[in-house]
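[1] just coords:
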Ligand SMILES: Nc1nc2c(ncn2[C@@H]2O[C@H](COP(=O)(O)OP(=O)(O)O)[C@@H](O)[C@H]2O)c(=O)[nH]1
Ligand SMILES: [Mg+2]
């Protein structure tokens, strides 16, 4: 590998079954991640994949993560797993791909931004790209945007996440268009790799998650679990609330 080989670090994030692993495979151009139709989450731990693009002198490093709201999980536990794995495999990522299946967007999804901010701070918003899979369900980009705007909670959510949204099709015979679309969006967002995510409160976020997990006493709704974490964060970071999304 030549010394001036650049890295592009990307995290795949989202609920189980939305197409995270498939999107990672499309981006890396081969079947690196296990993608399948399943009622149970397939990716239980974070997995790393790489692709070296010799033409661009660029290595894509991609981390696939467990589903965000997998039913039996404690949210703080999943959050700590995702956070520590991202720090380990994908230090200072250029982009977080938030993978969604637009037709399945529901009440639970509205909590995603709060949840992500508790893991990665508000700084994550600058580096989020919403990737809608099953892109061929939409006849054109105009049709896609029209359908997104018709769904008020989904459109509000997209705007809060910075408004960057693309559609891709992971199951088409030629995945080249989807791949190019992903690469172009990531490279534009990161200004060709110059801008990376970082958050100076990351260790405080993990302390808050660990404290909430230690206090966890049996099943609680998503909003209740997130409120607990938020309360701890507010105490640890007075005057500097990490969680700007008010869905809680
Ligand atoms: N038709 C279609 N199927 C997809 C697409 N993306 C993912 N899938 C399918 O959806 C299922 C779940 O995908 P997977 O990547 O395992 O989701 P994950 O749990 O988020 O990692 C698999 O059967 C995939 O083949 C897509 O863009 N189009
Ligand atoms: Mg998966």
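    Structure's in. What do you need? These figures come from a predicted structure and were not determined experimentally. Ligands and ions are numbered 1, 2, ... in the order given.
[2] From now on I want contacts and neighbour counts done on CA atoms only, so please keep to that.
    OK.
[3] Could you check the pLDDT of the residue in the chain that ligand 2 sits nearest to?
    Proximity of the chain to ligand 2 (Cα to the ion) peaks at residue 21, 4.2 Å away. Looking at residue 21, its pLDDT reads 94.
[4] part of a helix, is it?
    Yes - per DSSP: H, G, I helix; E, B strand; the rest coil, residue 21 lies within a helix segment.
[5] who's in contact with it?
    Contacts here follow Cα atoms under 8 Å, 6 or more residues apart in numbering; on that basis residue 21 touches 12, 33-35, 64.
[6] Which of these fall in strands?
    With DSSP state E as the criterion, strands contain 12, 64 from among the contacts of residue 21.
[7] For the contacts of residue 21, which entry has the maximal number of neighbours?
    residue 64 (30 neighbours; other Cα atoms under 10 Å).
[8] Could you double-check that that one lies in contact with residue 24?
    Yes - using Cα atoms under 8 Å, residue 64 is in contact with residue 24, at 7.1 Å.
[9] what is in contact with these two at once?
    Joint contacts of residue 64 and residue 24 (Cα under 8 Å, 6+ apart) are 12, 33.
[10] which regions of the protein sit below the pLDDT cut-off?
    1-3, 36-44, 71-72, 240-248 (pLDDT under 70).
[11] can you give me the helices for it?
    Remark: helices assigned in the chain by DSSP state H are 20-28, 75-89, 112-120, 141-150, 152-160, 176-189, 202-215, 222-236.
[12] Just give me how far the last one sits from the chain centre.
    So that's helix 222-236. Centre-to-centre, helix 222-236 and its host chain are 20 Å apart (Cα atoms, centre = their mean, to the nearest Å).
[13] Would you mark the buried spots in that helix?
    For helix 222-236, a neighbour-count test (16 or more other Cα atoms under 10 Å) marks 222, 225-230, 232-233, 236 as buried.
[14] That helix packs against which elements?
    Using 3 or more Cα pairs under 8 Å, 6 or more residues apart in numbering; DSSP states H and E, the elements in contact with helix 222-236 are helix 75-89, helix 112-120, helix 202-215.
[15] Just want the angle from that helix to helix 75-89.
    Taking axes from the mean of the first three to the mean of the last three Cα atoms, to 10 degrees, helix 222-236 and helix 75-89 form an angle of 60 degrees between their directions.
[16] can stretch 8-27 be found next to ligand 1?
    Yes - counting by Cα under 6 Å from any ligand atom, ligand 1 has neighbours in stretch 8-27: 15-22.
[17] can you list the residues you listed in CSV and add distance to residue 189?
    Formatted as CSV, these follow (distance: Cα to Cα, whole Å):
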residue, distance to residue 189
15, 23
16, 25
17, 26
18, 22
19, 21
20, 19
21, 21
22, 21
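[18] now these: which count as buried?
    Buried, going by 16+ other Cα under 10 Å: 15-22, out of the residues of stretch 8-27 next to ligand 1.
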